[in-house]
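**Q** with the sequence up front, the predicted model follows.
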Amino acid sequence: MLKVNVICVGKLKEKYLKDAVNEYSKRLGTFCKFSVVEVEEEKESSSPSDSEISKILSVEGKRILSYIDKNDLVVAMCIEGKQMPSEKFADYISSSAVDGISKIDFVIGGSRGLSDEVKNRAKLRMSMSEMTFPHQLARVMLCEQIYRAFSIAGGTKYHK
């Protein structure tokens, strides 16, 4: 069974967001081994310098990369990434499994984004939208889209 991880920086604070992620996690159990991995977010000063931001990205990036194995397919969620409709996203996940991939890691960085090391490790850089969303909502949206992708591939009625 395909393993799918969402590796993200920081913890969800609001109960309704945690509940949404838990619901999609439960639903995804039908299709894959799904987990959400939260890595610690680095603290920053009230007005960080460029070098402080660079250090934050580097430290968070090392934490993220420690959860990624050599043969994992990595998808970095980043603003400059490629956008795709849900059906194409479903095809991407399905074809990856057919190609012998056993684990897919979707990575969501902290409020400052992702380090170049993480982005360079990714096979795909993906963006949800040109719109800006709250960092924590992105996790819920990604979990929903992963569930939708498996639903599309499985021919269920969820995707209309």
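**A** Nice, thanks for sending it over.

**Q** would you mark the buried spots in the helix or strand hosting S151?
**A** S151 belongs to helix 135-154 when elements are defined using DSSP states H and E. Neighbour counts over helix 135-154 (16 or more other Cβ atoms under 10 Å) mark 135-136, 138-153 as buried. The way it works is simple: take the backbone N, C-alpha and C, and place the C-beta from them, glycine included.

**Q** and if you look at stretch 13-27?
**A** K18, A20, V21, Y24, S25, R27.

**Q** and the closest residue to the last one other than its chain neighbours, what does it touch?
**A** Meaning R27. In this structure, R27 finds its nearest non-sequential neighbour in Y147, 5.3 Å apart by Cβ to Cβ, 6 or more residues apart in numbering. Counting by Cβ atoms under 8 Å, 6 or more residues apart in numbering, Y147 touches Y24, R27, L28, F31, Y158.

**Q** quick one, what contacts the nearest residue to I108 once chain neighbours are set aside?
**A** Excluding the flanking residues, the one nearest I108 by Cβ to Cβ, 6+ apart is C8, at 4.0 Å. With contacts defined as Cβ under 8 Å, 6+ apart, the neighbours of C8 are V36, V37, E38, V39, V107, I108, G109, R139.

**Q** mind redoing it with 7 Å?
**A** C8 is in contact with V36, E38, I108, R139, counting by Cβ atoms under 7 Å, 6 or more residues apart in numbering.
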